[in-house]
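>>> using only what follows, build the 3D model:
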Amino acid sequence: MHEFLQTCLTFPTVVYSVLLAFCVVYWLLAMTGLFHVDAMDGLLLGDAHAAHGMPGHSDGVDSVATAGVLARLGLARVPIMIVLTALSFFCWLGTYFVHLALLGHLSQGLRVLAGIGTLLAVLVPGALLTSLLLRPLSRWLARLQFSANASIIGRVGTVISPQVDAQGGRAAFDDGGAGLILQVRSSAGETLARGERVVLLSHDAQAHTHAVISEAEFNQR
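Residues are numbered from 1 along each chain as shown. As a prediction, the model looks like this:
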């Protein structure tokens, strides 16, 4: 046990130990209802159009690049915290065993250099293993999303992003279960504020977005 803890809490394994501990604490808090997966997705990937690789959002290139990597791994529909948890576990596992078998026997200077290389090197197999593990989940979520999209057309929801316009925004809809947070777009020139009630009109499967209109305007038609 002492050797295990010493390895986990020294460089380079400690880097992924901290990341993995963060993920564990997050999921424990999520179980209490303090956090929602979609909310953390918004913080890490930015707003809707950044998450789908659309330029012009303040989160910039990093959000677009992250979404692009997830898409290449076949994990575009998997919540980012699930991906991060799996990736940090596999990277921690690889770093731990390399540290235990090799790095622990090196001098301090060499351990730092080799440790940096190990932190970067384990990302590749870690990402591949994460992709293999979570791709079935991504396909299941895609089928679930298709079913949900067909059943909630015409539902009334609430804008939860600062605003919704033709470029981006999010809204929450009651699906009879835990609820859905969807990427939504209004018609050109129309801006909907946070808290405004909207009606879901249609789904764009290619762009993974939904067209909405304000409930007041919908009732006037």
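
>>> now do the helices in the protein.
2-8, 13-31, 37-45, 48-51, 60-72, 80-101, 108-121, 123-152, 215-220 (DSSP state H).

>>> could you list the low-pLDDT ranges of the protein?
33-68, 70-71, 74, 76-77, 138-151, 175-179 (pLDDT under 70).

>>> domain assignment for it?
2-150, 153-220 (automatic domain parsing).

>>> how about those in JSON lines, adding mean neighbour count?
For the C-beta atoms, the positions are set from N, CA and C on the backbone; glycine is no exception. As requested, those are exported to JSON lines (neighbours: other C-beta atoms under 10 Å):
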{"stretch": "domain 2-150", "mean neighbour count": "16"}
{"stretch": "domain 153-220", "mean neighbour count": "17"}
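
>>> quick check, central residue of this structure?
Nearest to the mean C-alpha position of the chain, by C-alpha atoms, centre = their mean, lies I80 at 2.1 Å.

>>> distance of that residue from A205?
21 Å (C-beta to C-beta, to the nearest Å).

>>> would you mind finding the longest strand in this structure?
strand 197-204 (DSSP state E).

>>> contacting residues around it?
Here strand 197-204 makes contact (C-beta atoms under 8 Å, 6 or more residues apart in numbering) with 149-150, 152-159, 164, 171, 173, 182, 184, 186, 192, 209-216, 218.

>>> strand partners (parallel or antiparallel) of that strand?
strand 156-159 (antiparallel), strand 209-214 (antiparallel) (DSSP bridges).

>>> those strands: which one's closest to L132?
Checking the strands paired with strand 197-204 against L132 by C-beta to C-beta gives strand 209-214 as the closest, at 28.9 Å.

>>> off-centre distance for that closest one?
22 Å (C-alpha atoms, centre = their mean, to the nearest Å).

>>> for stretch 89-104, same thing?
Distance, centroid of stretch 89-104 to centroid of chain: 26 Å (C-alpha atoms, centre = their mean).

>>> swap in stretch 98-111?
34 Å.

>>> returning to that earlier point: could I get the strands paired with strand 197-204 in a markdown table, plus columns for distance to A127?
Shown next, in a markdown table, are the strands paired with strand 197-204 (distance: least, C-beta to C-beta, whole Å):
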| stretch | distance to A127 |
| --- | --- |
| strand 156-159 | 34 |
| strand 209-214 | 27 |
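
>>> quick one: closest of those strands to L84.
strand 209-214 (24.1 Å).

>>> just the CA atoms of the closest one, as PDB, please.
Taking Å, rounded to 0.1, in the frame of the first residue of the first chain, the C-alpha atoms of strand 209-214 are listed here in PDB:
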ATOM      1  CA  THR A 209     -29.400  21.700 -34.100                       C
ATOM      2  CA  HIS A 210     -33.100  22.500 -33.600                       C
ATOM      3  CA  ALA A 211     -35.100  25.400 -34.900                       C
ATOM      4  CA  VAL A 212     -37.200  27.300 -32.300                       C
ATOM      5  CA  ILE A 213     -39.500  30.200 -32.100                       C
ATOM      6  CA  SER A 214     -40.700  32.200 -29.100                       C
END
